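Peer 1: take a look and give me a structure for this.
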Amino acid sequence: LRVYVLEDGTFDVNGRVTTLPDLGKAVKAAGARSTTSIKVAVPDTASQTEMTRIIGVLRKAGYIRVLFTRPRRAHAS
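Peer 2: Now for the predicted structure:
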């Protein structure tokens, strides 16, 4: 399951926008199970503190497989 962190700090879960306190409920509503891998796409500006909060909410909801991704950057040589 892929979750996107939007510019305003909200989250897009399968096309539905939610806030951090409701992220676990939104992931469950999207059909995720406790064994589902959740990929959270965060912007380059996301801090370690923000990612820790996201992990905390998802773990409290029972999700232990959380992976963060950042935008890819092109390298020219």
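Peer 1: need the pLDDT of V57.
Peer 2: Listed pLDDT for V57 reads 97.
Peer 1: ignore what I typed, I meant S77.
Peer 2: Per-residue pLDDT puts S77 at 66.
Peer 1: repeat that for R73.
Peer 2: We note a pLDDT of 71 for R73 in this prediction.
Peer 1: which SS class is it?
Peer 2: Three-state call for R73 (DSSP: H, G, I helix; E, B strand; the rest coil): coil.
Peer 1: same thing with T45?
Peer 2: Following three-state DSSP, the label given to T45 is coil.
Peer 1: neighbours around it, how many?
Peer 2: 9 (other Cβ atoms under 10 Å). Quick note: C-beta positions are derived from backbone N, CA and C, even for glycine.
Peer 1: swap in I64?
Peer 2: As a burial measure, I64 scores 12 neighbours (other Cβ under 10 Å).
Peer 1: I'd assumed T36 was in contact with it.
Peer 2: No: under the criterion of Cβ atoms under 8 Å, I64 is not in contact with T36, lying 9.8 Å apart.
Peer 1: which residue, neighbours along the chain excluded, lies closest to K28?
Peer 2: Of all residues beyond its chain neighbours, the one nearest K28 is A61 (6.8 Å), with distances taken as Cβ to Cβ, 6 or more residues apart in numbering.
Peer 1: which residues sit in contact with the one you found?
Peer 2: Contact analysis of A61 by Cβ atoms under 8 Å, 6 or more residues apart in numbering lists L23, G24, K25, V27, K28.
Peer 1: next, the contact list for the residue nearest to the spatial centre of the chain, please.
Peer 2: Centroid check for the chain by Cα atoms, centre = their mean gives V40 as the closest residue, at 3.1 Å. V40 sits next to R2, V3, Y4, V5, M51, I54, V66, L67, F68, T69 when contact means Cβ under 8 Å, 6+ apart.
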